[in-house]
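1. Mind folding the following:
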Amino acid sequence: MLETVNDVCINAACGRTLPLRAVHCPFCGARQVAQAPVLEKAVAPPPVPRMPPPMPMAQPAPAPQPVPTVSAPQPAPPPPAPAAPAKAPPAKPAARGSVPPPRPPVRLRTWIAAAVVLTGIWFFNKPADRPASVAEQVEAATALAAQCDLDGARSALAVLKSAKAPAAQIKRLQASITKSAATCDKQQQRAQAWLALQGSVNQALDAGKPDVAATRLAVYVKRWGDDPDTLELDARVKVAQASAQLDLADACLARSDRVCLENSLIAAERYKRPELAARTQTLRTALSQLLERSLLDAAPVQGQ
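-> Sure, this is the predicted structure:
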């Protein structure tokens with residue numbers, strides 16, 4: 001236990017009661033006495049074991065309290081520094097009611113931006129397309145067969161058979177494949193014949209034999225029919241034939257053979273090629289001049 005002495009600080013400005021006798025005042029630090037003894041903290045006695053409550057018949061005598069022993073004196077701790085006067089806390093403004101500020105309204109562009117983002121997310125994460133029905137698979141395979149992709153159409157037919165598709169759908173697809181196979185085979189033969197015709201016609205035109213080229217083209221058209229490619233090739237052949245007749249007409253003009261020139265011009269004009277219209281007109285003028293000279297030369301003979 002600590003011994004308490006009711007001494008007052010000798011500093012008149014402090015004037016506080018000291019809990020213990022000390023050399024310096026713990027509040028203001030003023031020196032109190034020259035050699036003031038300092039009481040040390042006594043050792044606390046050991047805890048008393050807790051005894052059971054006494055019986056009502058016989059009450060035990062109170063246990064003697066152990067006398068505390070004082071330990072050897074220790075050097076006194078330095079006096080604490082004088083505490084600075086505490087500042088009064090600033091006055092707080094009167095608190096208003098805890099009402100949250102009003103939220104601004106959501107703008108239209110914010111809604112539009114959110115809709116665009118959600119649409120993009122849906123397109124990115126949209127579920128897989130549903131599997132095609134049997135009718136759709138048959139239509140797709142029929143389109144492949146029409147495009148002469150017979151291998152793809154037959155593969156689709158095998159898949160439908162393994163999936164045990166309805167017999168009517170399988171029969172329909174088989175008929176489409178059979179029909180397309182015949183058509184595609186004919187188209188393939190025509191393509192091969194066309195390649196051969198192009199080579200032979202070009203060879204005949206390069207050799208200056210437009211009539212041979214026209215004969216070969218006529219045989220092809222009779223078997224496979226006309227198309228834009230054959231019409232274009234026929235125009236080339238006819239230009240070559242008309243040019244050959246005009247070349248013959250130039251030779252006849254050089255010989256002043258009026259009959260030969262006229263016959264060649266008539267043969268060239270039968271092809272009706274506008275590409276040679278200017279050349280044909282020039283030779284037609286030359287034929288007129290040749291005819292005038294022939295008439296002038298025959299006039300003196302008739303006068304004699």
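2. residue ranges with poor pLDDT in the protein?
-> 1-6, 33-101, 123-132, 298-304 (pLDDT under 70).
3. hey, which helix is longest across it?
-> The longest helix of the chain (DSSP state H) is helix 167-206.
4. Any buried residues in it, and which?
-> Neighbour counts using 16 or more other C-beta atoms under 10 Å place 169-170, 172-173, 176-177, 180, 184, 194, 197, 201, 204-205 of helix 167-206 among the buried residues. C-beta: built from backbone N, CA, C; applies to glycine.
5. Can you name the next helix or strand after that helix?
-> helix 210-224 (DSSP states H and E).
6. Next, the angle helix 167-206 makes with the very next helix or strand once past that following helix.
-> Next helix or strand after helix 210-224 toward the C-terminus (DSSP H and E): helix 228-254. Between helix 228-254 and helix 167-206, the angle comes out at 10 degrees (axes from the mean of the first three to the mean of the last three C-alpha atoms, to 10 degrees).
7. Mind giving me the packing neighbours of helix 228-254?
-> Other elements packing on helix 228-254 under the criterion 3 or more C-beta pairs under 8 Å, 6 or more residues apart in numbering; DSSP states H and E are helix 167-206, helix 210-224, helix 258-269, helix 277-303.
8. Go again with 6 Å.
-> helix 210-224, helix 258-269, helix 277-303 (3 or more C-beta pairs under 6 Å, 6 or more residues apart in numbering; DSSP states H and E).
9. from these, which stretch is densest packed?
-> Most buried of the helices and strands packed on helix 228-254, by mean neighbour count (mean count of other C-beta atoms under 10 Å): helix 258-269, with a mean of 17.
10. neighbouring contacts of that one?
-> Residues from elsewhere that reach helix 258-269 (C-beta atoms under 6 Å, 6 or more residues apart in numbering): 242, 245-246, 248-249, 252-253, 280, 283, 287, 290.
11. I'd like to know which of the residues you listed is nearest to Leu160.
-> Nearest to Leu160 out of those is Ala242 (C-beta to C-beta; 58.3 Å).
12. and the gap between the closest one and Lys222?
-> Going from Ala242 to Lys222 by C-beta to C-beta, to the nearest Å gives 23 Å.
13. part of a helix, is Ser256?
-> No - assessed with DSSP: H, G, I helix; E, B strand; the rest coil, Ser256 is coil; it does not lie in a helix.
14. Identify the residues contacting Cys9.
-> Counted by C-beta under 6 Å, 6+ apart, Cys9 has contacts 16, 25.
15. From Arg16, how far off is it?
-> 5 Å.
16. now do Trp194
-> Taken as C-beta to C-beta, the span from Trp194 to Arg16 is 127 Å.
17. same check, this time on Ala214
-> 140 Å.
18. What of Ala165?
-> 108 Å.
19. do the same with Pro166
-> Distance from Pro166 to Arg16, by C-beta to C-beta: 111 Å.
20. where do the helices sit along the stretch 51-200 of the chain?
-> Assigned by DSSP state H, counting those that start in this stretch, the stretch 51-200 of the chain shows helices spanning 108-124, 134-146, 150-162, 167-206.
21. Could you name the helices and strands sitting against the second one?
-> In other words, helix 134-146. Counting by 3+ C-beta pairs under 6 Å, 6+ apart, helix 134-146 packs on helix 150-162, helix 167-206.
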